[in-house]
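[1] kindly generate the corresponding structure for this input.
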Amino acid sequence: MPQTPSMTDSAETNSKPLCVDLDGTLVKSDTLVDAILVLTRTHPHLLLQLPGALMRGKAAFKAFIASHVELDVTQLPYNRQVLHFLQEEHARGRKIYLATGADIRVVERIASHLGIFSGVLGSDGTTNLTGQKKLASLHNHFGQGGYAYIGNSTVDLALLSDASEKMLANPSTVLKRSLRKRGIAPSHIFEERANVFRSLVKAFRPHQWAKNLLILLPPLLAHHRALSVYVQASLAFFCFCAIASSTYLVNDLLDIEADRRNVGKRTRPFASGDLSPAIGLIASATLLIFGLAVAVALPSDFFLWLLLYIASTFAYSLYIKRIAILDVLVLSGLYTVRILAGGAATNTPISHWLAGFAIFLFFSLAIVKRFAELEQIRLAGKQLKNGRGYLMTDVDQMRAFGTASAFAAVVVFSNYISSQDVVKLYGHPRYLWLFVPFMILWTCRVWLLASRGELNEDPVAFALTDIPSLLMGVCVLVIVLLAI
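    Numbering: from 1, shown residues only. As a prediction, this is how the structure comes out:
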């Protein structure tokens, strides 16, 4: 049966080489931005050389980054719809080319990993292969209109206009509008992206805000009843929530490649490519400014504790997290800083009992988090690649550190119950002894689950969703009310 002209045109179009862009198209993220984030974490001293590299041109800048950072191409957030389509076309015998402005070394490693490309085109350190330069390169290889093309942004507009078949991947609104004005209708649109607002809220980690309730602990333990005290504490709470989310965003950006290697963290918005680093940095700066603005309305001592928290978290994200033991010591200190900040915000003195109890308890919880990560890797038979400074042989020693610290917290609390200070606040302090077995039960249960590889999250977040933990919390509340 003879083919109609439209069928012939379609067959000819589908037989032409298929060229696909990389950043934002085959990969949902921007590999150059990803590499800069990895460079910031691994070689921060090289950041001073970036302006000089950029002055030599975009191609030289990309080459400089590629020479110092080797992204793990096996864990990049590939657009699964685009990749599946390319694999199908490759199986049909169609020639596919990866044509991108990314540095050629990055492009070649991705092509080698996927194994579906007949050739690659990329920036070579001299020529930045984007826009008209990429168009000229495609003309040189395939002739005018002699190729199909998949793109995602307005930079690809000239190529899409010239291509025999136009396809889009997560296209920007501006690109779709521009194509409509030119009367161009794409044959395929590959959409794989999450809602930006939802992704941003997820990146804020609102479930971690529960840690900031520690700010309310000083006035509650001091049995303050004045409403104004809790208004101050509430302002401090919201201030810490904003600052904490700001630092979480920065931490996730710097950890983007490590998170992609982690089964539990690869779905985080930045690691999965669902949220752009630019949006993350803007949101982080906005939250930081908001938090500092709120802090101005609180006592100056609170502001100082807040600055210490900010400095410590950024130091942790940039460097301290890679130093064994010091990392968990800083994490435990951040819990204690919240309590001290709560005392400063409400002008409530912090007793040495509370300070000692907090230091030992939170050091244990910080260690159990790191211990659980190592234990899960060990049970899965995987290699350690998180760059945290620990070895698999450290597991038993960390268990010893953590459990010893947990029981030290129990001892401090027991001594507090036996002290004269408790009589000033509680009418029936003997009931507080009932708190001790619940504390032992909860800490031992957390460590037991961690040793079994069943603690999959932060222990504080775990306590908020774990039914036995919540029941024990209710029992402790009842005990405190009886003691008062």
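[2] could you measure from Asp34 over to Ser199?
    As judged by CB to CB, to the nearest Å, Asp34 and Ser199 stand 16 Å apart. (Glycine included, C-beta is placed from N, CA and C.)
[3] more neighbours: the two, which one.
    Neighbours per residue, other CB atoms under 10 Å: of Asp34 and Ser199, the larger number sits with Asp34, 27 against 21.
[4] that one: what secondary structure?
    In three-state terms, and counting by DSSP: H, G, I helix; E, B strand; the rest coil, Asp34 is helix.
[5] now Ala169. Its backbone dihedrals?
    The phi/psi pair for Ala169 (degrees, to the nearest 10) reads phi -130, psi 120.
[6] so it is in contact with Asp156, correct?
    No. Ala169 is beyond contact range of Asp156, at 9.9 Å (criterion: CB atoms under 8 Å).
[7] between the two, what contacts are shared?
    Asp21 (CB atoms under 8 Å, 6 or more residues apart in numbering).
[8] next one: Leu449 relative to Thr42, how far apart?
    Taking CB to CB, one finds Leu449 at 33 Å from Thr42.
[9] higher neighbour count, these two?
    Leu449 (18 against 14).
[10] quick check: nearest residue in space to that one, chain neighbours excluded?
    Excluding the flanking residues, the one nearest Leu449 by CB to CB, 6 or more residues apart in numbering is Leu455, at 4.6 Å.
[11] list the contacts of the one you found.
    With CB under 8 Å, 6+ apart, Leu455 has these contacts: 368, 372, 446, 449, 462.
[12] low-confidence ranges in the stretch 301-450 of the chain?
    383-388 (pLDDT under 70).
[13] show me where it has its helices.
    326-345, 352-380, 395-417, 421-425, 435-451 (DSSP state H, counting those that start in this stretch).
[14] which of the contacts of Leu455 count as buried?
    Among those, the ones that count as buried by 16 or more other CB atoms under 10 Å are 368, 372, 446, 449, 462.
[15] can you name the next helix or strand after the helix or strand containing Glu88?
    If you go by DSSP states H and E, Glu88 is part of helix 80-91. For helix 80-91, the following helix or strand on the C-terminal side (DSSP H and E) is strand 96-103.
[16] roughly how far is that next one from the heart of the chain?
    Centre-to-centre, strand 96-103 and its host chain are 28 Å apart (CA atoms, centre = their mean, to the nearest Å).
[17] can you point out the buried residues in that strand?
    The neighbour-count check on strand 96-103 (16+ other CB under 10 Å) flags 96-103 as buried.
[18] stretch 320-327 now?
    Using 16+ other CB under 10 Å as the test for burial, stretch 320-327 gives 320-322, 325, 327.
[19] nearest to Thr286 among those?
    For those, the minimum distance to Thr286 (CB to CB) is 24.4 Å, reached by Lys321.
[20] verify the stated contact: the closest one with Val328.
    No. Judged on CB under 8 Å, Lys321 makes no contact with Val328 at a distance of 9.7 Å.
[21] contact partners for Phe462?
    Residues in contact with Phe462 (CB under 8 Å, 6+ apart) are 446, 455-456, 469.
[22] in the residues you listed, find the pair that's most separated.
    Across the contacts of Phe462, the longest distance by CB to CB is 14.3 Å; it joins Asn456 and Ser469.
[23] ok so, going back, mind putting the buried ones among the contacts of Leu455 into CSV with distance to Gly151?
    As requested, the buried ones among the contacts of Leu455 are exported to CSV (distance: CB to CB, whole Å):
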residue, distance to Gly151
Val368, 48
Ala372, 43
Val446, 50
Leu449, 48
Phe462, 44
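[24] and which of these is nearest Arg399?
    Using CB to CB, the buried ones among the contacts of Leu455 come closest to Arg399 at Val368, 8.8 Å.
[25] contacting residues around the closest one?
    402, 446-447, 450, 455, 459.
[26] same question for Leu379.
    Contact analysis of Leu379 by CB under 8 Å, 6+ apart lists Gly453.
[27] I'd like to know how far it sits from Asp458.
    19 Å.
[28] redo the helices of the stretch 301-450 of the chain as CSV? Include distance to Ile256.
    Shown next, in CSV, are the helices of the stretch 301-450 of the chain (distance: least, CB to CB, whole Å):
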stretch, distance to Ile256
helix 326-345, 19
helix 352-380, 17
helix 395-417, 26
helix 421-425, 47
helix 435-451, 26
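[29] closest one to Ala111 among these?
    helix 352-380 (29.9 Å).
[30] now that closest one: buried residues?
    Buried residues in helix 352-380 (16+ other CB under 10 Å): 353-354, 356-377.
[31] please apply the same query to stretch 453-468.
    Buried, per 16+ other CB under 10 Å, within stretch 453-468: 455, 458-463, 466.
[32] so who does Val337 touch?
    By CB under 8 Å, 6+ apart, the contact list for Val337 reads 305, 308-309, 312.
[33] let's go with 7 Å and repeat that
    Listed by CB atoms under 7 Å, 6 or more residues apart in numbering, the contact set of Val337 reads 305, 308-309.
[34] ditto for Leu275
    Contacts for Leu275 (CB under 7 Å, 6+ apart) come out as 196, 199-200, 203, 269.
[35] how near is it to Ile243?
    20 Å.
[36] surely Ile104 touches Leu121?
    No. Look at Ile104 against Leu121 with CB atoms under 7 Å: they stay out of range, at 8.2 Å.
[37] overlap of the contact sets of the two?
    Contacts common to Ile104 and Leu121, judged by CB under 7 Å, 6+ apart, are absent.
[38] contacting residues for the residue lying closest to Val20 once chain neighbours are set aside?
    Closest residue to Val20 apart from its sequence neighbours, by CB to CB, 6+ apart: Ile150 at 4.4 Å. Taking CB under 7 Å, 6+ apart, we find Ile150 in contact with 20-21, 25, 82, 167, 169.
[39] please consider this matter closed, and thank you.
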